[in-house]
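**Q** here is the input, now give the coordinates:
(2 chains)
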Amino acid sequence: MSELHLYNTATRSLEKFKPINPGKVGIYLCGATVQAPPHIGHIRSGVNFDILRRWLLASNFDVNFIRNVTDIDDKILHKAVHEEMAWWAVAMKYERAFTQAYAALNVMPPTYEPRATGHITQMTQLMQILIDNGSAYAPGNGDVYLEVRKLASYLTLSNQKLDDLQPADDADLTFKKDPRDFALWKAAKPGDPSWPTPWGPGRPGWHVECSAMAHAYLGESFDIHGGGLDLIFPHHENEIAQSQAAGWGFANTWMHNAWVTTSGEKMSKSLGNSLQVVEILKKVRGIELRWYLGSAHYRSMLEFSFEALEEAAVNFRRIEGFLKRSSEVLGKNVEPVISSSFADAMNDDLAVPAALAGISESLRLGNTALTSNDKKGIETSASEIRGALSILGCDPFDEVFATSSSDDQSVLDGLVALALQQRAAARERKDFASADAIRDQIAALGVILEDTPQGTRWSLS
RNA sequence: GGUCGGAUGGCCGAGAGGCGAGGCUCAGGACUGCAAAUCCUGCUACACGGGUUCAAAUCCCGUUCCGACCUCCA
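**A** Prediction:
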């Protein structure tokens, strides 16, 4: 069996994964800043790292998965004014939207989901450490800044040089020692929410919450830190700066998922090209959207189109159809099995596309076995496919995807069976006109029939 | 200006010196009362120009085009 290798952004290379504590993995994923409903780019990140998590679990690791919610920032405050709601109501509204989207796509709830506003104490402690050791300064206006020029290793993740950065146009040097120093803490402005600190009332800057919360739940050093590519700079760079200036080792492996793009461009609200998860879910099921988002390699840009989405959905239904037919023929749901080819692909930096090629092969063999009623062959293929789908979070037998209640189901089963008896009788007497009429009529109601050597099977369209 | 990524068949999407990834579409065939489903066969691509090599989509040099980040971003 191969061993897990992951691409580490920090070293720009594929590395063999070595957990700090044998058998355990600590992961921190930058979750949502809850200031708008999630679009499919946000949820792709959730899906990609959920696949990582499921693979680690399947590889017998004990996974501590922390995904934060940043529930206080400039945009949330702006949105609160715009929507005429309290800032905390805005944050909760969109946090729920994210939670619903994660659930619809079968993204496992994190081990813990810390909110920034619940960790002001930890942030204050971190800032105190940084001020005490001279890494940060409070110039007296209520802000606290990190002095980036003092850090020898600053910008190593993004491989940039401090002097090459374009200084922000609006950098205010009244209090900052260097325009590139960033705010750990922002002094309270009238009307803004604030929390007391030794340096005055204020609210967190963007980056400090992740350092404080990662430390709180994962310790000074942990295994994997993840997020979108666009977080490399400044967010992750600044997290490293704060944490390492405090003397913490911080993350060993940095993983970044690529974006969902439209017309080659990153999704964003300002471009008007963002696609909300709730909108897409009107066209395909959650499991199908997940299949689509998870099917590309996590480090590759995924160029969104409705055609590609539909193609992925059709492809998934084909696999799903095989599993359902298999369970009918075998009279049971097969147990998931991880094939060695699937394991090899996943161990190679989560090479889902390569894994998918293996699923196609199993599907072909499985369908052939189904035709020849080779029960052993059916079970082997179905098990391997189900095993792969369970890691990808797309197992159609997973109870989270169950749609109708068993009561409704039994009524439906009975009614369709009645129609099938009528049609079978018509076919028996070679009255194909009547048989086809029955098929057409129930097709109009959304029930699709397929005649097989084992009899007629039906499914909802 | 600095940093990072990309360009692969009609479409989607892997690969990273040699063994035609895979899927979708399309065409033909098998099976079938018909349909559906399924299987089989066919469709041999790597932005451009040089170079290295027995061998290049892959490595090197150059070019074009596209995108991202540079303190709001998944």
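**Q** which strands or helices does the helix or strand where A:Glu279 lies pack on?
**A** Following DSSP states H and E, one finds A:Glu279 within helix A:277-280. Judged by 3 or more CB pairs under 8 Å, 6 or more residues apart in numbering; DSSP states H and E, helix A:277-280 is in contact with helix A:40-58, helix A:87-104. C-beta: built from backbone N, CA, C; applies to glycine.
**Q** just list what whichever helix or strand comes after that helix packs against, helices and strands only.
**A** Sequence order places helix A:286-295 as the next helix or strand after helix A:277-280, per DSSP H and E. Judged by 3+ CB pairs under 8 Å, 6+ apart, the packing partners of helix A:286-295 are helix A:40-58, helix A:306-330, helix A:352-371, helix A:375-392.
**Q** walk me through the domains of chain A.
**A** A:5-257, A:304-401, A:406-460 (automatic domain parsing).
**Q** got the residues of the stretch 201-350 of chain A near RNA strand B?
**A** Residues of the stretch 201-350 of chain A found near RNA strand B (CB under 7 Å from any atom of the strand) are A:206, A:227-235, A:238, A:257-261, A:264-268, A:270, A:295-297, A:300-303, A:305, A:307-308, A:311, A:314-315, A:318, A:321-322.
**Q** could you pick out the buried ones from those?
**A** A:206, A:227-228, A:231-232, A:234-235, A:238, A:257-260, A:266-267, A:295-297, A:302, A:315, A:321-322 (16 or more other CB atoms under 10 Å).
**Q** so of the residues you listed, which ones are in strands?
**A** The members of those that map onto strands under DSSP state E are A:Gly227, A:Gly228, A:Asn257, A:Val260, A:Lys266, A:Leu302.
**Q** contacting residues around the nearest residue to A:Pro38 once chain neighbours are set aside?
**A** Leaving aside its sequence neighbours, A:Pro38 sits nearest to A:Ala101 (CB to CB, 6 or more residues apart in numbering; 4.6 Å). Counting by CB atoms under 8 Å, 6 or more residues apart in numbering, A:Ala101 touches A:Pro37, A:Pro38, A:His42, A:Ile43, A:Gly46, A:Val277, A:Val278.
**Q** was I right about the fifth one contacting A:Asn106?
**A** To tie it back to what came earlier, the one meant is A:Gly46. No. A:Gly46 sits out of contact with A:Asn106 when judged by CB atoms under 8 Å, with a separation of 10.2 Å.
**Q** what pLDDT does the model give A:Leu151?
**A** Per-residue pLDDT puts A:Leu151 at 88.
**Q** phi, psi for it please.
**A** phi -100, psi 120 (degrees, to the nearest 10).
**Q** report the contact partners of the nearest residue to it once chain neighbours are set aside.
**A** Using CB to CB, 6+ apart and skipping residues adjacent in sequence, the residue nearest A:Leu151 is A:Ala241, 5.4 Å away. Residues in contact with A:Ala241, defined by CB under 8 Å, 6+ apart, are A:Leu146, A:Val148, A:Leu151, A:Tyr154.
**Q** switch the cut-off to 10 Å
**A** Neighbouring residues of A:Ala241 by CB atoms under 10 Å, 6 or more residues apart in numbering: A:130, A:135-136, A:146-148, A:150-151, A:153-157, A:182, A:184, A:207, A:211, A:234, A:250.
**Q** in what helix or strand does it lie?
**A** Going by DSSP H and E, A:Ala241 is in helix A:237-245.
**Q** avg pLDDT for that helix?
**A** Computed over helix A:237-245, the average pLDDT equals 95.
**Q** picking up where we left off before, so which of A:Gly46 and A:Asn106 has more stuff around it?
**A** Using other CB atoms under 10 Å, the more surrounded residue of A:Gly46 and A:Asn106 is A:Gly46, with 25 against 19.
**Q** enumerate the residues of the stretch 51-200 of chain A near RNA strand B.
**A** Near RNA strand B, when you scan the stretch 51-200 of chain A using CB under 7 Å from any atom of the strand, you find A:73-75, A:148, A:158-161, A:164-168, A:180, A:182.
**Q** name only those of those that count as buried.
**A** Looks like these have A:Asp73, A:Val148, A:Arg180, A:Phe182 buried, using 16+ other CB under 10 Å.
**Q** from those, which has minimum pLDDT?
**A** Lowest pLDDT among those: A:Arg180, 88.
**Q** does that residue touch A:Val148 like I think?
**A** Yes. Assessed by CB atoms under 10 Å, A:Arg180 is found in contact with A:Val148 at 5.4 Å.
**Q** if we can go back for a sec, quick one: which two of the contacts of A:Ala101 are the most distant?
**A** The two members of the contacts of A:Ala101 with the most space between them (CB to CB) are A:Gly46 and A:Val278, at 14.7 Å.
**Q** nearest to RNA strand B: which residue in chain A?
**A** Proximity of chain A to RNA strand B (CB to the nearest atom of the strand) peaks at A:Gly228, 2.0 Å away.
**Q** before we move on, back to that, of the helices and strands packed on helix A:277-280, flag the one that's most buried.
**A** With neighbours defined by mean count of other CB atoms under 10 Å, none of those is more surrounded on average than helix A:40-58, at a mean of 24.
**Q** what's the angle between the helix or strand that that helix is followed by and helix A:40-58?
**A** Using DSSP H and E, the helix or strand that follows helix A:40-58 in sequence is strand A:62-70. Interaxial angle of strand A:62-70 relative to helix A:40-58 (axes from the mean of the first three to the mean of the last three CA atoms, to 10 degrees): 160 degrees.
**Q** which other helices and strands contact the helix or strand just after strand A:62-70?
**A** With elements assigned by DSSP H and E, the helix or strand that comes after strand A:62-70 is helix A:74-83. Packing partners of helix A:74-83 (3 or more CB pairs under 10 Å, 6 or more residues apart in numbering; DSSP states H and E): strand A:24-33, helix A:87-104.
**Q** show me the contacts for the residue nearest to A:Val278 when sequence neighbours are not counted.
**A** Take A:Val278 and drop its neighbours on the chain: the residue closest to it by CB to CB, 6+ apart is A:Pro37, 6.7 Å away. Neighbour list for A:Pro37: A:Lys93, A:Tyr94, A:Arg96, A:Ala97, A:Phe98, A:Gln100, A:Ala101, A:Ser274, A:Gln276, A:Val277, A:Val278, A:Glu279 [criterion: CB under 10 Å, 6+ apart].
**Q** in this structure the third one contacts A:Ala32, no?
**A** No. At 11.0 Å, A:Arg96 does not count as touching A:Ala32 under the criterion of CB under 10 Å.
**Q** related to what we said a few turns ago, pLDDT value on the residue nearest to A:Pro38, please?
**A** Model confidence at A:Ala101 (pLDDT) stands at 96.
**Q** restricted to strands, list the contacts of A:Ala241.
**A** Within these, residues falling in strands by DSSP E are A:Ala136, A:Leu146, A:Phe182, A:Leu184, A:Phe250.
**Q** picking that back up, need the nearest residue in space to the residue of chain A closest to RNA strand B, chain neighbours excluded.
**A** Closest residue in space to A:Gly228, ignoring its immediate chain neighbours: A:Ser45 at 5.3 Å, by CB to CB, 6+ apart.
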